[in-house]
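# got a predicted structure plus its sequence, pasted below:
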Amino acid sequence: MRKLLLVCACSVLFAVGAFAQKAEANKKFEAYFGYSYFTSGKNGWNGDLGYYLTRLITAEGDVGGYYSHNNSIHSFMGGAKFQGPYRRRGFNPWGHFLLGVSHVSRLNESSDTAFSYALGGGVDAHVYRRFGVRLSADAVHTSFNNSFLNSGDWHLRAGAGVVYRF
């Protein structure tokens, strides 16, 4: 429980510092939607909505759904995305840390909801005006049927899709 409080306190401190700075004037939000692969053979979708707090920091909300023949996982997370200080030739590298919950539904079994977090990053490539293409990869930790933060499962989430900035 102490680890959870420490992680939450650090996230709040980063967010408070970020609100003190002004975002770029020409864009305030970004929306992403695309295909996502989740380990154990699950295919699905992933989407997020981000608000530019500064030129380098974005507050981000992330949702996803991943499906296989015997179960499905849905994730609901939020956190901070840190973008590279430079954009070379239309490419923008970034990394993020997300906290939230995931829900698993199993065929002919009970479902479970648990704390989850993700650490990852990717690159956005500018395509046309406000549109771009995103490639991303995350390490996602879930603790279904396990004690909080002490054990659980690590998963790889990889995705590709379209970004729109407005």
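That came in fine, so what should we check first? Numbering: from 1, shown residues only.
# any idea how many residues pack against A31?
13 (other C-beta atoms under 10 Å). Bear in mind the C-beta positions are built from the backbone N, C-alpha and C, glycine included.
# I should have written L107 there, sorry.
Count around L107 with other C-beta under 10 Å applied: 9.
# and the helix or strand where L99 lies, which residues are buried?
Per DSSP states H and E, L99 falls inside strand 91-106. Buried residues in strand 91-106, counted by 16 or more other C-beta atoms under 10 Å: 92, 94, 96-100, 102-104.
# helices and strands around that strand, which ones?
helix 2-19, strand 57-67, strand 71-83, strand 112-128, strand 131-142 (3 or more C-beta pairs under 8 Å, 6 or more residues apart in numbering; DSSP states H and E).
# F144 - that's part of a helix, no?
No. Using DSSP: H, G, I helix; E, B strand; the rest coil, the secondary structure at F144 is coil, not a helix.
# distance of it from S111?
Using C-beta to C-beta, to the nearest Å, we find F144 at a distance of 10 Å from S111.
# now do the end-to-end distance for stretch 60-78.
One end of stretch 60-78 sits 6 Å from the other (C-alpha to C-alpha, to the nearest Å).
# where in this structure is pLDDT low?
Across the chain, the ranges flagged by pLDDT under 70 are 1-26, 86-88, 145-150.
# doesn't V133 make contact with V127?
Yes. Counting by C-beta atoms under 8 Å, V127 touches V133, with 5.7 Å between them.
# contacts only, for the residue nearest in space to the middle of the chain.
Centroid-nearest residue in the chain, with C-alpha atoms, centre = their mean: D62, separated by 4.9 Å. Neighbouring residues of D62 by C-beta atoms under 8 Å, 6 or more residues apart in numbering: 46-48, 75-79, 98, 100, 118.
# surely A118 is in contact with R157?
Yes. Assessed by C-beta under 8 Å, A118 is found in contact with R157 at 7.0 Å.
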